[in-house]
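J.: Fold the stuff below for me.
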Amino acid sequence: MRDKTALVTGGSRGIGRAIAVRLAADGTRVAVHYGNNETAAKQTVDDIRAAGGDAFAVQADLAAADAVETLWAAFDHEADGLDILVNNAGITRQQPLAEVTPEWFDQIVAVNVKAPFFLIQQGVRRLRDGGRIVNISSGVTRIAFPEDAPYAMTKGALNTLTLALAKELGPRGITVNSVAPGIIETEMNDWLEDPEAARQAASYSVFGRVGQPGDIADVVAFLASDDARWVSGQVVDATGGSRL
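T.: You can find the predicted model right below:
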């Protein structure tokens, strides 16, 4: 992984932070993308550097019309090529079908689907042959999840995109895979602070616990490595065997 450069969207907190830290620990130079929490992004970069790694922060609001251009301009200012692209950034809002507004639907599609699509479209010319694309999907793509149908739809779209791109980019030795986490203990899932909710969530997994960001980061690190050179077009279930 040394002498390689990665971009992790949503890399300042939660799963994204764990991925950035893990890739940096493996010797990769990491661009830590953030939307609005500059403090968290700087802390992640500082932590990586303190551990002997190399990282820099890039900012872009992925819901904005010029998000992709803004992000790549910031990236190009610091790096001259890319080896690993991790599309991790995503938003969610649990609500029933009747409460979903067109405005929210447009926003979640912009961040969860449109941004990754065009980041890849504009990123492939920067991505060196033999590179890696890892899309962070969700375990809700294999179960019914009426609590947030738009979110599940967007993650399903990422899985379909993964399959198509794996075939298109395969001749360049570029692998494209998705990782589907289950319930992970992050700020986004602050409802886990309720002991009863946490107990119920833990019961879904065959391991009887809630997942940690590092559980997902380790899977991503494998897919980003040369060890996964023969794996492409796959959705790797990283739900801890939830709801089997």
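
J.: What's the separation between Asp3 and Ser225?
T.: Separation of Asp3 from Ser225 (Cβ to Cβ, to the nearest Å) stands at 13 Å. The C-beta positions use only the backbone N, C-alpha and C, and glycine is treated the same way.

J.: So for these two, which sits in the more crowded spot?
T.: Ser225 (16 against 8; other Cβ atoms under 10 Å).

J.: before we move on, could you check phi and psi at the more buried one?
T.: The phi/psi pair for Ser225 (degrees, to the nearest 10) reads phi -90, psi 170.

J.: what sits against it?
T.: The contact partners of Ser225, by Cβ atoms under 8 Å, 6 or more residues apart in numbering, come to Met1, Asp26.

J.: now swap in the one 4 residues further on and tell me
T.: Shown in contact with Arg229 (Cβ under 8 Å, 6+ apart): Gly130, Gly173, Thr175.

J.: How about Ala25?
T.: Ala51, Gly53.

J.: Can you list the buried residues in the longest helix seen in the chain?
T.: As assigned by DSSP state H, the longest helix anywhere in the chain is helix 149-169. Using 16 or more other Cβ atoms under 10 Å as the test for burial, helix 149-169 gives 149-159, 161-162, 165-166, 169.

J.: before we move on, what about stretch 167-180?
T.: Leu169, Ile174, Thr175, Val176, Asn177, Ser178, Val179, Ala180.

J.: What does the pLDDT read for Asp190?
T.: Asp190 carries a pLDDT value of 87.

J.: what number of residues lie near it?
T.: Around Asp190 there are 9 residues (other Cβ under 10 Å).

J.: same check, this time on Ser205
T.: Ser205, neighbours per other Cβ under 10 Å, totals 18.

J.: Kindly report the same for Ala55.
T.: Count around Ala55 with other Cβ under 10 Å applied: 25.

J.: Likewise for the one 10 residues further on?
T.: For Ala65, the number of neighbouring residues by other Cβ under 10 Å comes to 10.

J.: Against Ala110, how distant is it?
T.: Where Ala110 is concerned, Ala65 sits at a distance of 9 Å (Cβ to Cβ).

J.: and if you look at Thr239?
T.: Thr239 is 26 Å from Ala110, by Cβ to Cβ.
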